[in-house]
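Q: fold the following, please.
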Amino acid sequence: MQRAVSSLSLSPSVKVKLVSAGFQFTADLLHLKPLQLSKEAGLSQQEALEVLQAVRTDGGGASASLTALDLLQKEEETRSIVTFSSQLDAALGGGLPVGKTTEICGAPGVGKTQLCLQLAVDVQVPQCFGGVGGQVIYIDTEGSFLLERVIDVAAAAVRHCSLLVEDNEQRVAMTTFTVETILSNIFLVRCHDYVELLAELHLLPGFLSDHPRARLLVIDSVAFPFRRFDDMSQRTRLLQGLAQQLVAMASRHHVAVVITNQMTTRLRGSQSQLVPALGESWGHAPTIRLLLQWVGSQRLAAVFKSPGHTDATVPYQITSDGFRDAAKSEQPQSKRPRTHADQSASNQPDACC
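A: Numbering: from 1, shown residues only. Here you go, the predicted structure:
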């Protein structure tokens, strides 16, 4: 069933321009690029991006229905992406799930980017070692992607797997699981503002179709491009569309979507606390939310939103090899703290992002 352009969640002036240019149904817009639509309909580039975003989220047509058994079999075919922290993997039921969206929140320096870089390497672990054997699209909005750090993490992962070799299949897999191949399977995109980010997300479905081995999409971070926005209603609308796109991509292309988010201060009476940025409505978008925080001198990862797992908090550390379990002398797994990390957490000294 075709959907009329006039039924999309767009401003009346934009709808008038689209209809006047001859675009009656969403199917007429599916294969257009933002620049092309901008010229043909007399829209600004930002308006064209909003239109195409609305088309993909609201009017792209219904997909074939699946049974619960189909979904179960699909999930069993692809393993979760491990984090190389056995305690966090256990809390997540095996790692970060493919086909779902996961948000990693935390103050600066607590390890959000370090975990993303670790996942960009871990998604490539061969299946014979219990991995996914996939590729990754890494969207960097803050300029925090460090090649030297990725090389260190990749080298450590290769060393780790080489020590686990037990049969001929694993020996053959190690011939292609090298630092060079790991780097060649990370597709890096640098976005400097929200317009570039939305444009990249518009193009991603086509890229994912051309790269069926892609199993991970990282956006580090989603908050940074939207930090300075005068029109808050427009920001909310764009973020809601972005969230719907990410959920659709995770499901249709069977990729794990990982997004990082910053923290902000919220006042409640005379009390202030650090909470994830972008507002409460954004908090409903990801399937899973992780909070990385400092408690004293210790790093803790809290699973504080997950439909399939109970809330849990585990210690971790950032080593020269990457994201790992905390040293045995540190605090074992405990219940999640009732409150977010206090404001002094962001002042903890740390060279890692």
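Q: tell me where this protein has helices.
A: If DSSP state H is used as the criterion, the helices of the chain fall at 12-20, 34-41, 45-58, 68-77, 86-91, 112-122, 147-162, 168-174, 179-184, 194-210, 232-252.
Q: CSV for the ones you listed, including distance to L216 and mean pLDDT?
A: No exception for glycine: its C-beta is placed from N, CA and C like everyone else's. CSV is the format used below for the helices of the chain (distance: least, Cβ to Cβ, whole Å; pLDDT from 0 to 100):
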stretch, distance to L216, mean pLDDT
helix 12-20, 34, 83
helix 34-41, 25, 87
helix 45-58, 20, 82
helix 68-77, 16, 63
helix 86-91, 15, 94
helix 112-122, 6, 97
helix 147-162, 14, 97
helix 168-174, 19, 94
helix 179-184, 13, 97
helix 194-210, 11, 92
helix 232-252, 10, 88
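Q: and those as TSV, adding mean neighbour count and distance to I288?
A: Shown next, in TSV, are these (neighbours: other Cβ atoms under 10 Å; distance: least, Cβ to Cβ, whole Å):
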stretch	mean neighbour count	distance to I288
helix 12-20	15	34
helix 34-41	17	31
helix 45-58	21	21
helix 68-77	11	14
helix 86-91	18	10
helix 112-122	26	13
helix 147-162	17	22
helix 168-174	14	29
helix 179-184	15	25
helix 194-210	17	20
helix 232-252	18	11
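Q: give me the most central residue, this structure.
A: Closest to where the C-alpha atoms of the chain average out (Cα atoms, centre = their mean) is V258, at 1.9 Å.
Q: need the helices of the chain in TSV with distance to F129, can you?
A: Rendered in TSV, the data for the helices of the chain read as follows (distance: least, Cβ to Cβ, whole Å):
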stretch	distance to F129
helix 12-20	50
helix 34-41	41
helix 45-58	36
helix 68-77	17
helix 86-91	14
helix 112-122	10
helix 147-162	5
helix 168-174	7
helix 179-184	13
helix 194-210	24
helix 232-252	24
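Q: quick one: closest of those to Q271.
A: Distances from Q271 to each of these were compared using Cβ to Cβ; the shortest belongs to helix 232-252, at 23.8 Å.
Q: who does the closest one touch, helix- and strand-wise?
A: With contacts taken as 3 or more Cβ pairs under 8 Å, 6 or more residues apart in numbering; DSSP states H and E, helix 232-252 sits against helix 45-58, strand 101-106, helix 194-210, strand 214-220, strand 256-261.
Q: nearest to S9, of those?
A: Distances from S9 to each of the helices and strands packed on helix 232-252 were compared using Cβ to Cβ; the minimum, 5.7 Å, belongs to helix 45-58.
Q: would you format the helices and strands packed on helix 232-252 as TSV with distance to V172 included?
A: Supplementary listing: the helices and strands packed on helix 232-252 in TSV, determined by distance: least, Cβ to Cβ, whole Å:
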stretch	distance to V172
helix 45-58	40
strand 101-106	32
helix 194-210	27
strand 214-220	21
strand 256-261	26
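Q: which of the helices of the chain sits closest to P225?
A: Shortest separation from P225 across the helices of the chain is recorded for helix 194-210, at 3.9 Å, computed as Cβ to Cβ.
Q: what's in contact with that closest one?
A: Around helix 194-210, the neighbours that count as contacts under Cβ atoms under 8 Å, 6 or more residues apart in numbering are 34, 45-46, 49, 52-53, 56, 137, 139, 141, 187, 189, 191, 214, 217, 219, 225-226, 229, 238, 242, 245-246, 249, 252-253, 255.
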